[in-house]
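A.B. asks: Attaching a predicted model along with its sequence, questions to come.
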Amino acid sequence: MAELRNYQVHPGMKGYADASIDEGLRAYMLKVYNLMALGLAITGLAAWGLFSLATTGDPSLGVAQVRDGVYLTQLGATFWMSPLRWVVMLAPLGLVFFLSFRINKMSVSAAQTTFWVYAGLVGLSLSTIFLVYTSASIVQTFFITATAFGGLSLWGYTTKRDLTGMGSFLVMGVFGLIIAMLVNIFLQSSALQFAISAIGVLVFSGLTAYDTQQIKEMYYEGDGEAVMGRKAIMGALRLYLDFINLFMFLLHFLGNRE
């Protein structure tokens, strides 16, 4: 065993090993980003699909008016005006905890399917943004978010700085945001909502860079296909959550209300 421990790679062979690791890391990160992007696409399609089916411009087909020229269909009333709305709102939270705690015992295909279902449920819960904001401002905010996310993630991937300390601070910031949002449910303070949105943009901007670095460092060349697949799914989930939260907080600033 001593001979194995003292074995040194020939300088010529080290280049091949480094190239192999770099190629594997690129493939791993590409899979993470592809999974995240597909999750976002599912969320967007689910949100727009439910909004399209839940609203109508024909008063004779509507059961309730929500704004000028827009009426809820029976499907919209069922999703947004009945107790089912709480199921739609809380189901994603339960599913993300389930996936986080159970992924190591799930097959890659089952974990991936759970992620798709989660992304669809998030889309259903976010469908009401089309009632509140104009479609043009939602699209504009999405592209602004995508640009900011891309830059922040690239920095997190390439920086040599250790972001671990910053990550711990940002996680505490997330808990602070949750508490503040719960308090503001009762206070209904516009000033507090503005502060929450501003802090939320800063926190999830930082988390995008931090999570990217952490996902990169999770890569290990010797992992089996199943382990690598689960890591990619969890990495995609982390970045997906960063993107969605960054988008929603930016929408509070940039979105034009109907």
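C.D. replies: Received, thanks.
A.B. asks: right, and the helix or strand after the helix or strand that contains Ala209?
C.D. replies: Assessed by DSSP states H and E, Ala209 sits inside helix 190-218. Using DSSP H and E, the helix or strand that directly follows helix 190-218 along the chain is helix 225-254.
A.B. asks: For that following helix, list every residue counted as buried.
C.D. replies: 228-252 (16 or more other Cβ atoms under 10 Å). The C-beta positions use only the backbone N, C-alpha and C, and glycine is treated the same way.
A.B. asks: do the same with stretch 70-89
C.D. replies: For stretch 70-89, by 16+ other Cβ under 10 Å, it's Val70, Tyr71, Leu72, Thr73, Gly76, Ala77, Phe79, Trp80, Val88.
A.B. asks: buried residues in stretch 171-180?
C.D. replies: Gly173, Leu177, Ala180.
A.B. asks: nearest residue to Leu177 other than its sequence neighbours?
C.D. replies: Take Leu177 and drop its neighbours on the chain: the residue closest to it by Cβ to Cβ, 6 or more residues apart in numbering is Gly200, 5.6 Å away.
A.B. asks: Phe51 now?
C.D. replies: Closest to Phe51 by Cβ to Cβ, 6+ apart is Phe130, at 4.2 Å.
A.B. asks: now for whichever strand or helix holds that neighbour, which elements pack on it?
C.D. replies: Secondary structure assignment for Phe130, by DSSP H and E: helix 129-132. Contact here means 3 or more Cβ pairs under 8 Å, 6 or more residues apart in numbering; DSSP states H and E; on that basis helix 129-132 packs against helix 11-54.
A.B. asks: tell me the angle the helix it packs on makes with helix 190-218.
C.D. replies: 140 degrees (axes from the mean of the first three to the mean of the last three Cα atoms, to 10 degrees).
A.B. asks: and the helix or strand just after helix 11-54, which strands flank it?
C.D. replies: Following helix 11-54 in sequence order, the next helix or strand is strand 55-56 (DSSP H and E). When pairing is defined by DSSP bridges, strand 55-56 lines up against strand 70-72 (antiparallel).
A.B. asks: Among the buried residues of stretch 171-180, which lie within helices?
C.D. replies: Gly173, Leu177, Ala180 (DSSP state H).
A.B. asks: would you turn the residues you listed into TSV with distance to Asp58 and pLDDT?
C.D. replies: Compiled in TSV, those are given as follows (distance: Cβ to Cβ, whole Å; pLDDT from 0 to 100):
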residue	distance to Asp58	pLDDT
Gly173	46	92
Leu177	40	93
Ala180	41	93
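A.B. asks: Rebuild those residues as JSON lines, extending it with distance to Gly62.
C.D. replies: Output for those, formatted as JSON lines (distance: Cβ to Cβ, whole Å):
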{"residue": "Gly173", "distance to Gly62": "42"}
{"residue": "Leu177", "distance to Gly62": "36"}
{"residue": "Ala180", "distance to Gly62": "36"}
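A.B. asks: Nearest to Thr208 among the buried residues of stretch 171-180?
C.D. replies: Using Cβ to Cβ, Gly173 comes nearest to Thr208 of the buried residues of stretch 171-180, at 13.2 Å.
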